[in-house]
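In: The sequence isn't on hand, but the structure is:
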């Protein structure tokens with residue numbers, strides 16, 4: 001059935017009115033969302049990169065640098081008047097907020113997040129001086145170094161280090177220490193934290209470190225701490241004995257080139 005042309009305009013008018021009334025509501029339903037800001041409950045600072053999820057699985061956003069988020073609602077969320085938001089962030093308690101999507105403030109919420117319970121502090125550390133051998137740092141036993149065979153039978157701790165890997169001497173029989181092929185001047189020698197500039201006697205054939213007064217030696221072939229900088233090759237850190245406080249002890253030794261005597265005890 002056809003209508004005259006003069007009646008068609010009267011039919012299009014109510015259709016256009018219905019479309020104008022329905023389309024904004026349809027567009028609002030498609031673009032409906034909830035937005036707002038996440039702030040710290042104590043400092044009121046914005047909480048960045050927090051996860052905000054809706055009630056529909058797989059629906060969620062993250063807050064930006066200002067702590068702002070905008071969550072576009074899925075069709076399942078727009079069926080009711082209230083929407084549940086779940087907010088998660090490291091260091092804060094999981095928060096669930098119920099929002100009325102018809103509220104004027106549904107797109108300008110301010111949600112305060114509370115801190116999670118403080119966890120106990122656990123300190124994990126290790127001693128800088130390690131016993132035994134490792135790749136770059138090791139502490140050989142002083143008793144083993146004193147038992148090493150050396151020239152003329154003189155007990156010399158620095159010469160005992162020559163039997164360890166990565167350590168050599170420039171001239172056979174001398175106490176010069178070369179670590180990983182460096183010169184003796186490139187090896188830093190510390191005696192109780194004080195730099196020992198000349199570690200040899202008699203042209204370097206004997207070292208100036210008496211074995212009786214040494215408590216321990218730490219050798220750094222690599223990874224030298226920053227406070228011991230200034231050398232290119234390595235570091236010898238020599239610790240001296242503090243002396244016994246319970247009783248007196250003495251030691252006397254006579255070798256081919258030297259005569260040594262020492263004692264310790266309470267005064």
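Out: Sure thing, it's come through. Just so you know, these numbers come straight off a predicted model, no measurement behind them. Numbers count the residues shown, from 1 in each chain.

In: Not counting sequence-adjacent ones, nearest residue to residue 148?
Out: Of all residues not flanking residue 148 in the chain, residue 160 sits nearest, at 3.8 Å (Cβ to Cβ, 6 or more residues apart in numbering). The way it works is simple: take the backbone N, C-alpha and C, and place the C-beta from them, glycine included.

In: pretty sure that neighbour is in contact with residue 143, am I right?
Out: No: using Cβ atoms under 8 Å, residue 160 is not in contact with residue 143; the gap is 10.3 Å.

In: of the two, who's got more company?
Out: Taking other Cβ atoms under 10 Å, residue 160 and residue 143 do not tie; residue 160 has more neighbours (22 against 8).

In: how would you label residue 243: helix, strand or coil?
Out: Classification of residue 243 using DSSP: H, G, I helix; E, B strand; the rest coil returns coil.

In: Let me see the ranges of the strands in the stretch 151-267 of the chain.
Out: 167-168, 178-179, 187-191, 194-195, 200-201, 206-207, 214-220, 234-240, 249-254, 259-264 (DSSP state E, counting those that start in this stretch).

In: how close does residue 122 sit to residue 93?
Out: Taking Cβ to Cβ, to the nearest Å as the measure, residue 122 falls 22 Å from residue 93.

In: Of those two, which one has the most company?
Out: residue 93 (13 against 5).

In: Read off the pLDDT value for the more buried one.
Out: Looking at residue 93, its pLDDT is 91.

In: For it, give its distance to residue 120.
Out: 18 Å.

In: do residue 36 as well
Out: Counting by Cβ to Cβ, the gap from residue 36 to residue 120 is 34 Å.

In: More neighbours: which of these two?
Out: Neighbour tally, residue 36 and residue 120, criterion other Cβ under 10 Å: the higher count belongs to residue 36, 22 against 4.

In: Phi and psi next, for the residue minimising distance to the centre of the chain.
Out: The centroid of the chain falls nearest to residue 124 when counting by Cα atoms, centre = their mean (11.5 Å). Dihedral pair for residue 124: phi -120, psi 120, per degrees, to the nearest 10.

In: how close does it get to residue 116?
Out: Residue 124 is 22 Å from residue 116, by Cβ to Cβ.

In: mind listing what residue 73 touches?
Out: 32-34, 54, 83, 101 (Cβ atoms under 8 Å, 6 or more residues apart in numbering).

In: In strands, which of those residues fall?
Out: Counting by DSSP state E, the part of those found in strands is 33-34, 83.

In: Make TSV out of these and add pLDDT, distance to residue 199 and neighbour count.
Out: As requested, the ones in strands among the contacts of residue 73 are exported to TSV (pLDDT from 0 to 100; distance: Cβ to Cβ, whole Å; neighbours: other Cβ atoms under 10 Å):
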residue	pLDDT	distance to residue 199	neighbour count
33	80	76	17
34	87	75	24
83	85	78	23
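
In: The nearest residue to residue 254 once chain neighbours are set aside: what's it in contact with?
Out: Among residues not flanking residue 254 along the chain, residue 260 sits closest, at 7.8 Å (Cβ to Cβ, 6+ apart). Contacts for residue 260 (Cβ under 8 Å, 6+ apart) come out as 210, 212, 251-254.

In: Sounds good, over and out.
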